[in-house]
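**Student:** Quick one, what's the 3D model for this:
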Amino acid sequence: MKNILVVAKLNEGSYEKFMGFMKSEEGMNERRKVADLTKTLGTVSPDKSAVMFKISVHDENALNSFLDGSNPVSKPIWDEVLESYEIFEINKVSS
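**Tutor:** Predicted coordinates for the structure are as follows:
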C-alpha cells in the first residue's frame, strides 16, 4: 500500500453533491477498488470549496481512473462537481 494525499478543488456549491456520491453505496464500492477505506482521513476547507483525503492506495491505476474521468461511475459526478485535483505521494521522514 502507498500513502497518497488527494487535494480536490470543487465547483462552487457542489460540496453536498460530492459528499453524497462519496458516501453512497456506488461511491463506496468504487473507492474500495482504490484504497483501504478504514485508513482514509478526510477534511474540507471552511468555505467547502476544497477537500483533502489521505488514503492508503492499493491500486494506483484505479485511483487515476477514479479521478481523471475514465471511470464510468465517477465521471458523471466529477464532470459536475470537480474543478481540479492534485495527487501527492506521502513519504514518512521520521518516527
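**Student:** mind checking pLDDT for the nearest residue to Asn11 once chain neighbours are set aside?
**Tutor:** Spatially, and ignoring its direct neighbours in sequence, Asn11 is nearest to Glu83 (5.2 Å; Cβ to Cβ, 6 or more residues apart in numbering). Where you see a C-beta, it was placed from the backbone N, CA and C, and this is true even at glycine. What the model reports as pLDDT for Glu83 is 96.
**Student:** buried set for the helix or strand hosting Glu83?
**Tutor:** Assigned by DSSP states H and E, Glu83 belongs to strand 82-89. Within strand 82-89, the residues that count as buried by 16 or more other Cβ atoms under 10 Å are Leu82, Ile87.
**Student:** Please give the centre-to-centre distance between that strand and its chain.
**Tutor:** On the basis of Cα atoms, centre = their mean, to the nearest Å, strand 82-89 sits 8 Å off its chain's mean C-alpha point.
**Student:** Direction included, what does that strand pair up with?
**Tutor:** Strands adjacent to strand 82-89 in the sheet, as given by DSSP bridges, are strand 2-10 (antiparallel).
**Student:** What mean pLDDT does the strand it pairs with get?
**Tutor:** pLDDT averaged over strand 2-10 gives 97.
**Student:** Go ahead and name everything in contact with that strand.
**Tutor:** Defining contact as Cβ atoms under 8 Å, 6 or more residues apart in numbering, one finds that strand 2-10 is touched by 18, 35, 48-57, 60, 63, 67, 81-92.
**Student:** Can you show me the helices along this protein?
**Tutor:** Using DSSP state H, the helices found in the chain span residues 15-23, 25-34, 60-68, 75-81.
**Student:** contact partners of the longest one?
**Tutor:** With Cβ under 8 Å, 6+ apart as the contact definition, helix 25-34 has outside contacts at 21-22, 37, 40, 55, 57-59, 62-63, 66, 71, 73-74, 77.
**Student:** Selecting buried members of those in ChimeraX, what would you type?
**Tutor:** Buried residues among the contacts of helix 25-34 (16+ other Cβ under 10 Å), as a ChimeraX selection:
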select :21,22,55,57,62,63,66,71,74,77
